[in-house]
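Participant: sequence unknown, structure follows:
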């Protein structure tokens, strides 16, 4: 699967720096960021994915992001990227990963996607404006999306690109 064009467009606006790809899976965005000069940590709970990162500059961290304890406490990044992942109980901790002056780039499926297929469970679908309203006042929203798309396949996509201003 290719990186999201919406994410790639916003990556061009961020100077290469320390980045994390949350719930990275096979690394389509982690590797794209590394190719752009970012120092990348890819996080996923599937240990079988580690082999995909062995011969790359991307550091792989195998950990469960949905446990009671947040495993990334005290970690800070200039860019926090999340794609096709949604776990609301740790929104606050996830947003705390963004350093002062850093960016949050978050894109996943939105409510309405159930007419196109999976995911269809409301637990995994963002509501319009949900991310923006969950962000602290210390974030400035640069771009927000909630729209039906036809490519690469029909879906409802939701996302936010924001910068921590303090």
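Facilitator: Ah, there it is. Small disclaimer: the values here were computed from a predicted structure and weren't measured.
Participant: Tell me where the protein has strands.
Facilitator: Using DSSP state E, the strands of the chain run over 18-22, 39-44, 59-62, 77-83, 98-109, 139-149, 155-164.
Participant: strand partners of the fourth one, parallel vs antiparallel please.
Facilitator: Looking at strand 77-83 with DSSP bridges, its paired strands and their directions are strand 18-22 (parallel), strand 98-109 (parallel).
Participant: any idea how far the first one is from the chain center?
Facilitator: Using Cα atoms, centre = their mean, to the nearest Å, the distance from the centre of strand 18-22 to the centre of the chain it belongs to is 8 Å.
Participant: Between the strands paired with strand 77-83, which one is closest to residue 77.
Facilitator: Closest of the strands paired with strand 77-83 to residue 77 is strand 18-22, at 4.5 Å (criterion: Cβ to Cβ). For glycine as for every other residue, the C-beta is placed from the backbone atoms N, C-alpha and C.
Participant: List the buried residues of that closest one.
Facilitator: Across strand 18-22, burial judged by 16 or more other Cβ atoms under 10 Å covers 18, 19, 20, 21, 22.
Participant: I'd assumed residue 75 was in contact with the second one.
Facilitator: Same thing as residue 19. No. Residue 19 is beyond contact range of residue 75, at 11.7 Å (criterion: Cβ atoms under 8 Å).
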